[in-house]
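Asker: only geometry, no sequence info:
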């Protein structure tokens, strides 16, 4: 019985560590959104996907190409993505949460925007967590 208890404890510790890593990666992703399209796109796996409504943007270059025209028109003063749950799977993790942004068309007053997100993460080269799929609403 002690062996099983020890294994269970190590598994729980690994899950807690993974959850913390995923939450930290999403925090860093939100900061990258404020920094630049290239910085945000670097969080996506080579075959990663950002789903915007019914349109899919694939890979870091596809995500960057989608974000750049928005970046030119919009001032993003703040972005936050808060985790509600992280569910581990055999090949990664699913994260559900809410987002908050303060943004405006250039030259206009800032407004607050809120919504929800779901992201699928998997480990990339060197063990770094990368987004394999993300969708936001609205």
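Answerer: In hand now; what should we look at? From a predicted model like this one, the values you see are computed outputs, not experimental measurements. Numbers count the residues shown, from 1 in each chain.

Asker: helix/strand/coil for the residue most central in space within the chain?
Answerer: The geometric centre of the chain, computed from its C-alpha atoms, lies nearest to residue 26 (CA atoms, centre = their mean), at 4.4 Å. Secondary structure, DSSP: H, G, I helix; E, B strand; the rest coil: residue 26 is helix.

Asker: ok, it - contacts?
Answerer: By CB atoms under 8 Å, 6 or more residues apart in numbering, the contact set of residue 26 is 81, 83, 95, 97, 119. For glycine as for every other residue, the C-beta is placed from the backbone atoms N, C-alpha and C.

Asker: try 10 Å
Answerer: Listed by CB atoms under 10 Å, 6 or more residues apart in numbering, the contact partners of residue 26 are 43, 80-83, 86, 95, 97, 99, 117, 119, 121, 129, 131, 134.

Asker: now the helices for the chain?
Answerer: 2-35, 37-41, 59-73 (DSSP state H).

Asker: output the ones you listed in a markdown table, with mean pLDDT appended to each entry.
Answerer: Compiled in a markdown table, these are given as follows (pLDDT from 0 to 100):
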| stretch | mean pLDDT |
| --- | --- |
| helix 2-35 | 82 |
| helix 37-41 | 98 |
| helix 59-73 | 97 |
